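Asker: whatever this is, show me its structure:
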Amino acid sequence: MTLPQRPINHDALFKEFLHNFLPDLIHLFFPTYAQRFDWSTLEFIDKEFNFNLPEPFKRVADILAKIKTHHGPTEVILLHVKVERAPKTNFAQRMATYYTVIRALYALPVIPIVILLAPKPQAIGWQTYQESVWKQPHLTFTYGQVSLPALSSQTYLAHKNPVAATLATLMQTNNKAHTKLTAMRSVAYDPLLTINKKYILMNIIESYLPNADISLTGDSLIMSQIDELQQNWVYEGLEKGLETGIKLGKQEGIEQGIEQGIEQGQKTIIHHMIQTKFGPLSPHWQTRLQTINEPAQLMALATALITATTIDELPWPTP
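Answerer: Here you go, the predicted model:
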C-alpha cells in the first residue's frame with residue numbers, strides 16, 4: 001500500500017496509539033512474547049527516558065515501557081517500540097545504538113521492536129545487525145520488525161479485532177473503500193472501547209485511508225455507508241460529552257449548571273479529539289475553543305475533524 005501524499009503526523013498518531021494499544025499490538029505480531037508479559041504491570045517511561053538522555057540522543061524512542069513477566073522467574077523487561085516511515089540505510093545501526101543507550105541507562109533487558117510504514121520483503125520477523133573487525137564478529141544485535149504495508153489487510157480484517165482492523169488500513173488491499181468501512185465498523189461497534197480510544201483508532205483509519213483518496217475508486221454505496229458511520233460516531237462522542245456535562249451540572253444543583261456542564265463536557269471531548277489529531281493545543285486554540293457557545297458550532301467542529309488535515313481547516317467561528 002502507498003501512503004497518502006498529504007502531510008501526516010505519523011509520530012503523534014502512533015505515540016497516542018501505542019500508549020493505548022501496546023498490549024494489542026504485541027499480541028497481534030509477537031503473541032509468544034505477549035503471553036509471557038504481565039500486562040497489569042505495564043508502565044510507560046518514555047518521558048522519563050527522553051528527559052535523562054544525553055542531548056545527541058534526545059527523542060530517539062517512540063515508546064519505552066517497563067513490564068514484568070509472569071512465566072518462570074519474574075523479570076523486569078523494557079519494551080522499546082519505534083515507528084519508522086522510511087528507514088535509512090544505517091537504520092539497523094541506529095537501532096543498535098538506541099539499544100546500547102537504553103541498556104546503559106536502566107541496566108535492564110531490552111526488547112526492541114520496529115513498526116515500519118514502508119514495505120519490506122519480510123513482513124514480520126527478527127532482523128540482525130552485526131559489526132565485525134577483520135572478519136571477526138564483535139557485536140550481534142537483533143530486533144523485531146513488522147512491515148505493515150507488506151501484510152494483507154484481508155487477513156487482519158478477519159481477526160474481528162478493532163486494533164487489527166485499524167492497522168489493516170495501512171496494509172495491502174484491493175479495495176480501499178471496503179477495507180475502510182470494515183475497519184470503521186469494527187471500531188465503532190466494539191462495546192469495550194471508550195469513546196476516546198475509538199477516536200484514536202478512527203483517526204488512524206481516516207489519516208491513512210482518507211475519503212478524498214478513495215472516493216473516485218470506491219463504490220458509491222460503500223462511500224455513503226462510510227459517511228453515515230462517520231457522522232454517527234461524531235454524534236456518539238458529543239453525546240458522551242453531554243452525559244459527562246449533565247453529571248457536572250447536577251453537582252452544581254441548578255439548571256444553569258447543567259447547561260454549562262453539558263457545554264463544557266462536549267468541549268472536553270472535542271479538545272481531546274483535536275489534541276489526538278494535531279498534538280497539544282496552544283493557548284490560542286484553547287481560548288478559541290472555549291469561546292464557542294453554540295451547540296451547532298461544536299457539532300460542525302467535531303464533524304470537520306474527520307477529514308481536516310490541519311487545525312486551521314476547522315470551521316472556527318469568527319472571533
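
Asker: quick one: average pLDDT of the host helix or strand of Ile200?
Answerer: For Ile200, the host element (DSSP states H and E) is helix 195-208. The average pLDDT for helix 195-208 rounds to 86.

Asker: so which elements touch it?
Answerer: Here helix 195-208 touches helix 10-29, helix 162-167, helix 176-188, helix 220-252, helix 255-278, going by 3 or more Cβ pairs under 8 Å, 6 or more residues apart in numbering; DSSP states H and E. From N, CA and C alone the C-beta is placed, and that goes for glycine too.

Asker: the inter-axis angle of the first one versus helix 195-208?
Answerer: Between helix 10-29 and helix 195-208, the angle comes out at 110 degrees (axes from the mean of the first three to the mean of the last three Cα atoms, to 10 degrees).

Asker: I'd like the next helix or strand past helix 10-29.
Answerer: helix 31-36.

Asker: pull the CA atoms of that next one into CSV?
Answerer: Below are the C-alpha coordinates for helix 31-36, written out as CSV (Å, rounded to 0.1, in the frame of the first residue of the first chain):
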residue,chain,number,x,y,z
PRO,A,31,2.0,-13.5,20.5
THR,A,32,4.6,-15.7,22.2
TYR,A,33,6.2,-12.7,23.8
ALA,A,34,2.8,-11.2,24.7
GLN,A,35,1.8,-14.3,26.7
ARG,A,36,4.9,-14.0,28.9
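
Asker: returning to that earlier point: as PDB, could you dump the C-alpha coordinates of the helix holding Ile200?
Answerer: What follows is helix 195-208, C-alpha atoms only, in PDB (Å, rounded to 0.1, in the frame of the first residue of the first chain):
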ATOM      1  CA  ILE A 195     -15.100   7.000  23.000                       C
ATOM      2  CA  ASN A 196     -11.500   8.300  23.400                       C
ATOM      3  CA  LYS A 197     -10.000   5.000  22.300                       C
ATOM      4  CA  LYS A 198     -12.400   4.800  19.400                       C
ATOM      5  CA  TYR A 199     -11.300   8.300  18.300                       C
ATOM      6  CA  ILE A 200      -7.600   7.300  18.300                       C
ATOM      7  CA  LEU A 201      -8.300   4.300  16.000                       C
ATOM      8  CA  MET A 202     -10.700   6.300  13.800                       C
ATOM      9  CA  ASN A 203      -8.100   9.000  13.400                       C
ATOM     10  CA  ILE A 204      -5.600   6.500  12.100                       C
ATOM     11  CA  ILE A 205      -8.200   5.000   9.700                       C
ATOM     12  CA  GLU A 206      -9.000   8.400   8.300                       C
ATOM     13  CA  SER A 207      -5.400   9.500   8.100                       C
ATOM     14  CA  TYR A 208      -4.200   6.600   6.000                       C
END
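
Asker: okay, angle between that helix and helix 176-188 too, please.
Answerer: 170 degrees.

Asker: please state the offset of helix 195-208 from the chain centre?
Answerer: Distance, stretch centre to chain centre, for helix 195-208: 7 Å (Cα atoms, centre = their mean, to the nearest Å).

Asker: can you point out the buried residues in it?
Answerer: 195, 197-208 (16 or more other Cβ atoms under 10 Å).

Asker: same question, stretch 179-196
Answerer: 179-188, 190, 193, 195.

Asker: hey, which helix or strand in the protein has the poorest pLDDT?
Answerer: For the chain, counting by mean pLDDT, DSSP states H and E, helix 220-252 ranks last in confidence among helices and strands (a mean of 59).

Asker: ok so, going back, Val83: which of the buried residues of helix 195-208 is nearest?
Answerer: Nearest to Val83 out of the buried residues of helix 195-208 is Ile204 (Cβ to Cβ; 11.5 Å).

Asker: what sits against that closest one?
Answerer: By Cβ atoms under 8 Å, 6 or more residues apart in numbering, the residues touching Ile204 are Leu13, Phe17, Thr166, Leu167, Thr169, Leu170.

Asker: over to Met95?
Answerer: Contacts of Met95 by Cβ under 8 Å, 6+ apart are Lys82, Pro112, Val114, Tyr129, Phe141, Tyr143.

Asker: if I look at the residue lying farthest from the centre of the chain, how far off is Thr128?
Answerer: In the chain, Trp134 marks the outermost C-alpha relative to the chain mean, sitting 43.9 Å out by Cα atoms, centre = their mean. Applying Cβ to Cβ, to the nearest Å, the value for Trp134 to Thr128 is 20 Å.
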